[in-house]
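Chemist: No letters, just coordinates:
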């Protein structure tokens, strides 16, 4: 297997992009990534795109063909992949496998979701499809409700508090201020987070990631030729995926996402590094409790210590490990199919030292963690500075 | 939330009577039913199995932002219930508010209306739970 490098990244502004279409956003992100990689379209031999629900959200299936056509890349093969909110990382993983295997040399990977053309109730119902439609959603649960039940169990077993949950949102909003692509470039206070409208007890509106439009893209190439495309290539050390039960009620416990833990362990083993080596991580904070569980599953903190660590500022920039320097899903926004690819963009900027206000010092290793549904699909990527 | 009549009809044994399945090789019980034992796979022998509906609350939440079809019920309590026969499922807790509940409380199954698609559409029935006195 060949070593794979990330040689170009690009993304659109995340937010309520009423003036931008599904195809317009993914084309914009793709062209930015291709320009960043200093390649021509002729060098690209394949593409992968992650989108969870383009069919339900904008009535458009066959996203691979649409993108190939509108990016002027015909006749190269572009394949759509879907794994709910982990669709973007699944697309990245397909690209990594294609380059590593030698099947393709230069590959473009995109992630996109256009969510604000429908009203909130319709979008919530579509997102519900990431869980067990017949046995969870039809019974009346919602996605915030599923994560709320994880939160209550985490509180019950470890004494995690609502302040600990809120501190995740406060920290991610603080990071998002400096991210020009973020949906919310503004701080929130602990008081605001704790007094926000209840969504699914104990999760309030500021514990939840928003509904967002956006797209992100990256360009991959073999590491041995990466220097011809980028002065600052990023090596992808590991790309691991694991599956768990579709329904939350079938998990052994609710305080950990087993698939994410397994994907993380496989990735560390493949790369020959451990959680202590990671300088910066983008984790899947679709809800505040999800970030706390992620930091435990990935080995940054012991089970039950993720909450206190967040409250004590250990996950801030300059803390023990910088988590979600982009603002995470909470502040950057969560266009579901785009999120995994956006995470790869953020850690690439960190590894290149291009993040200015939110730049972590001397980043050598980075991690991205992307979860589908309540944890049925999990993907972990590890990255190293390649220059 | 709309659900086709044939889907609802197909799910009647499960939703009305909590008929799940059991693997006689490893004695695991499944609700909702599975046709492949996730432990024994091909070595498993699956047969229908009726659950009592009795169990205890494993975790719970109160929904304030409801999906389509549930708007008139908010706030309402949802839970993951650990069934006495040894598996968990998701259901609504009726006749109780958040402050009445704690993890570990005993519950029993109760047959209720789940929701109706629209005034002219079918009414979907199934199991919910209530605190056991």
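Modeler: Thanks, I have it. Small disclaimer: the values here were computed from a predicted structure and weren't measured.

Chemist: Spatially, and excluding backbone neighbours, which residue is closest to residue 20.
Modeler: Since no chain was named, I'll use chain A. Among residues not flanking residue A:20 along the chain, residue A:213 sits closest, at 6.5 Å (Cβ to Cβ, 6 or more residues apart in numbering or on different chains). For the C-beta atoms, the positions are set from N, CA and C on the backbone; glycine is no exception.

Chemist: Switch to chain B, please.
Modeler: Closest to residue B:20 by Cβ to Cβ, 6+ apart is residue B:31, at 3.4 Å.

Chemist: ok, now residue A:21?
Modeler: residue A:114 (6.8 Å).

Chemist: So what's the residue count around residue 114?
Modeler: This is for chain A. Residue A:114: 27 surrounding residues under other Cβ atoms under 10 Å in any protein chain shown.

Chemist: looking at chain B here, not the other one
Modeler: 21.

Chemist: residue contacts, it?
Modeler: Residue B:114 is in contact with A:138, A:139, A:140, B:15, B:124, B:125, B:126, B:128, counting by Cβ atoms under 8 Å, 6 or more residues apart in numbering or on different chains.

Chemist: again with residue A:109
Modeler: Residue A:109 neighbours (Cβ under 8 Å, 6+ apart): A:47-50, A:91-92, A:94-95, A:217-220, A:341.

Chemist: quick one, strands of chain B?
Modeler: Ranges of strands within chain B are B:19-23, B:28-30, B:46-50, B:55-63, B:76-83, B:88-93, B:106-116, B:123-131, based on DSSP state E.

Chemist: Which member of the contacts of residue A:109 is positioned nearest chain B?
Modeler: Ranked by distance to chain B (Cβ to the nearest Cβ), the contacts of residue A:109 are led by residue A:50 at 24.6 Å.

Chemist: Which residues are in contact with that closest one?
Modeler: The contact partners of residue A:50, by Cβ under 8 Å, 6+ apart, come to A:80-83, A:87-92, A:109-112, A:337-338, A:340-341.

Chemist: who in the stretch 51-200 of chain A is up against chain B?
Modeler: By Cβ under 8 Å from any Cβ of the partner chain, the residues of the stretch 51-200 of chain A that approach chain B are A:121-122, A:124-125, A:128, A:134-142, A:144-145, A:148-150, A:152-153, A:156, A:197-200.

Chemist: The residue nearest to residue B:20: how many residues sit nearby?
Modeler: Neighbours of residue B:31 (other Cβ under 10 Å): 25.

Chemist: Please report how far it lies from residue B:15.
Modeler: 11 Å (Cβ to Cβ, to the nearest Å).

Chemist: Toward the C-terminus, what is the element adjacent to the helix or strand hosting residue A:26?
Modeler: Assigned by DSSP states H and E, residue A:26 falls within helix A:22-36. Using DSSP H and E, the helix or strand that follows helix A:22-36 in sequence is strand A:44-50.

Chemist: separation between the nearest residue to residue A:285 once chain neighbours are set aside and chain B?
Modeler: Excluding its sequence neighbours, the residue lying closest to residue A:285 (Cβ to Cβ, 6+ apart) is residue A:291, at 3.7 Å. The spacing between residue A:291 and chain B, counted by Cβ to the nearest Cβ, to the nearest Å, is 18 Å.

Chemist: give me phi/psi at residue A:291?
Modeler: Backbone torsions of residue A:291, given as degrees, to the nearest 10, read phi -70, psi -40.

Chemist: what's the answer for residue A:56, then?
Modeler: Dihedral angles (degrees, to the nearest 10) for residue A:56: phi -80, psi -40.

Chemist: which residue sits closest to it in space, ignoring its chain neighbours?
Modeler: residue A:126 is the one closest to residue A:56 (Cβ to Cβ, 6+ apart), at 4.5 Å.

Chemist: Identify all contacting residues around the lowest-mean-pLDDT helix or strand in chain A.
Modeler: When each helix and strand of chain A is scored by mean pLDDT, DSSP states H and E, helix A:120-128 comes last, with a mean of 90. Helix A:120-128 is touched from outside by A:52-53, A:56-57, A:115-116, A:118, A:136-137, A:142-143, A:211, A:336, B:1, B:65, B:67-68, B:71, with contacts defined as Cβ under 8 Å, 6+ apart.
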